[in-house]
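Undergrad: Sequence plus the predicted model coming up.
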Amino acid sequence: MKAAFTGSTGAAAAPDTAVRKPRDGGLARRAARLLRRGGRPVLVLYTLALGGGLGLVSADWATRGGYPFGGVRIGAWIAWPRAGATNADPYTRAVNARRGEIPLAVGEGLLLTAAEDDAGRTLDATCTYAVAGAVPPARAWTLTVAGRGARDPDRPLMREGFTSTEILRRPDGRFEIVLAPTAEPGNWLPAPRAQGPMRLALRLYDTPAAASIASIDRGSVPTITRRDCAP
Amino acid sequence: MSLRLLYATLTGLVLAGIVHIAAVMAIPRLAEADAVSRTQASESLDHPQPIYTLSTGEVPSPPEAWLPIPDPAVAVGVCAYDLSDGPMRVSSRTSALPLSLAAHGRHGAFYAVTDQAAVRGALDLVIMTRAQFDQALADDDENEPSRDVRIVAPDVRGFVVARVIAGLPSQRPGANEAVRAISCTTDAPADETGRK
C-alpha cells in the first residue's frame, strides 16, 4: 500500500485521469519522426501501446489509496456514506477490493475522514491541533488518528483515538481533543509519528446520519484548528 | 502525415479510456486480497474469524489484522458463507456492548442490522439464496411463523461482519469475547424445514 487513505487528494484529481502528460519537446519530435518513417504498423503499435499503457496506469492510479469519488465535504471533514453500499461506484469497489477493506454498511455507521484543518492546511504531526465541538447524533463514535504507511516500531504504543464513552466533556456536552506531539491537559491525542502528514477518522456507529448525509452541517462536526507548530 | 499521427493519438486516447474503465470494473473480480477472497478460509468455522482483535492491557493487537485502518475500539470478526451448502445462520446474543452485523457480497454490503433490532436478547440472521428463501417460505408453518430474519443474498459467496464496540479500554476483552461468542452455522435444508 503506497498511500493509505489519500481520499481527499484522489477526489480532486481522479476525474481527469485520461489527460496525457506533456512530454519532452525533443523526445516528442524524435518519436514523431520515427512514427512517420515507420508507416502503418508502427502507427498501430503506437496507438495500442498508448491506449493500453495509459489506460492501465490511470486505472492503477485512480484506485490506489483512498476513494476517488463519493465523498461529501462537511467543513474540514469528508463523509463517505456510500463506501460500503451495494450501489457504490466502481472506483470505490475497486479501492475496497485492492485494500481488503471492509467498509461500514449504511445501517451500521458512517466514516468521516479529515486530512486538512479548517483553514485547508494538511494535518502535520509536528503541529498542535484542537479538535473541538460536537458530533452528529450516533449511538457511539470514535475519533482516531493515523499517520501514513506502517507504524513506527520504535514509538511506544500510545492512545490512537477516543471513543464517545471515554472522552472528557465540558458542562455543555461539547468536547475538545488536543492532537499534539507532546502531552497536553484534557483529552490529549498523541501524534502518531514524529513528522509527516496525519489523518483523522471519525466513525459514527448506528447513526441516522448515514442514511441522510444532508442532515449533517458544518456546525455538527468537530472543528479542526491549528494552534502552533514545532519549529 | 502529422494528421495521421494525430488520428492515431486520438484513437489511442479513446482506447486508453476503454482500457481504464475495463480495468477498474475488473479489479473487484480479479482481486486476490479483497475481503471476500481473504475470508473464504473461515468458511468451515462455526465462529467468526477474528479480523481485528482489540489490544488488551499491554498485549497489542495481533498481526492478523489486515484492515487498512482499523478502529482501535471495535472488535471485528467475519463469517464467510457459501450458500451452495445451504443457508447460513448467524446467531448472536446481545450484551451491554453495541453490536452490529453486516452482510457483504462481492458488490458491497447488502444488509446491516444492529443489536437494537434484537428480539429478547437474541439476534438471528439467516442468509439464503432466492431459491432457499422460497423453499423456506413454502415450508413455513402457518400457525408458528419463523422468527428468523431472512435475508436474500445477491451472490452465493460473501461474508457477514460482526462489529462490537468497546467504549472503554476495560470493555475490550468483553468485546473480543462477544465477537467470538457469535455462532455461524450452515443450516442443512432439512433442518431448516423442521425448525419452528
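TA: Now that the structure is in, tell me what you want to look at. Residues are numbered from 1 along each chain as shown, chains lettered A, B, ... in the order given.
Undergrad: Find the nearest non-adjacent residue to residue B:171, please.
TA: residue B:97 (6.0 Å; Cβ to Cβ, 6 or more residues apart in numbering or on different chains). Bear in mind the C-beta positions are built from the backbone N, C-alpha and C, glycine included.
Undergrad: and the one you found, what does it touch?
TA: B:164-167, B:171, B:174-175, B:178 (Cβ atoms under 8 Å, 6 or more residues apart in numbering or on different chains).
Undergrad: So it, which state does it fall into?
TA: coil (DSSP: H, G, I helix; E, B strand; the rest coil).
Undergrad: pLDDT score for it?
TA: Here, the pLDDT recorded for residue B:97 equals 90.
Undergrad: Residue A:231 now?
TA: Confidence at residue A:231, expressed as pLDDT, is 68.
Undergrad: now residue A:54
TA: Residue A:54 is given a pLDDT of 92.
Undergrad: The chain: helices as residue ranges?
TA: No chain was given, so I picked chain A. Counting by DSSP state H, one finds helices in chain A at the ranges A:7-13, A:25-38, A:40-62, A:90-99.
Undergrad: ah, no, chain B please
TA: When assigned using DSSP H, the helices of chain B occupy the ranges B:2-30, B:35-39, B:130-139, B:172-181, B:189-194.
Undergrad: Let's have those in a markdown table, adding distance to chain A.
TA: Formatted as a markdown table, these follow (distance: least, Cβ to the nearest Cβ, whole Å):
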| stretch | distance to chain A |
| --- | --- |
| helix B:2-30 | 3 |
| helix B:35-39 | 5 |
| helix B:130-139 | 16 |
| helix B:172-181 | 11 |
| helix B:189-194 | 25 |
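Undergrad: any idea which of those scores lowest on pLDDT?
TA: helix B:189-194 - the lowest mean pLDDT of these, at a mean of 48.
Undergrad: From the contacts of residue B:97, list just the buried residues.
TA: Taking 16 or more other Cβ atoms under 10 Å in any protein chain shown as the criterion, what is buried in these is B:164-167, B:171, B:174-175, B:178.
Undergrad: will you turn those into TSV that also has distance to residue A:62?
TA: Below are these laid out as TSV (distance: Cβ to Cβ, whole Å):
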residue	distance to residue A:62
B:164	34
B:165	33
B:166	36
B:167	37
B:171	40
B:174	41
B:175	36
B:178	38
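Undergrad: May I ask which two of these are separated the most?
TA: Using Cβ to Cβ, the two most remote members of those are B:167 and B:178, lying 12.9 Å apart.
Undergrad: chain center to stretch B:39-48: distance?
TA: On the basis of Cα atoms, centre = their mean, to the nearest Å, stretch B:39-48 sits 11 Å off its chain's mean C-alpha point.
Undergrad: Can you give the contact residues for that stretch?
TA: Residues outside stretch B:39-48 that contact it (Cβ under 8 Å, 6+ apart): B:49, B:51, B:77-82, B:157, B:159-160, B:162, B:179-185.
Undergrad: And that stretch, what's buried?
TA: Those would be B:39, B:42-43, B:47-48, for stretch B:39-48 by 16+ other Cβ under 10 Å.
Undergrad: just curious, which of these is nearest to chain A?
TA: The nearest member of the buried residues of stretch B:39-48 to chain A, counting by Cβ to the nearest Cβ, is residue B:39 at 8.8 Å.
Undergrad: distance of that closest one from residue B:162?
TA: Remark: distance between residue B:39 and residue B:162 (Cβ to Cβ, to the nearest Å) = 12 Å.
Undergrad: Cool, thanks, signing off.
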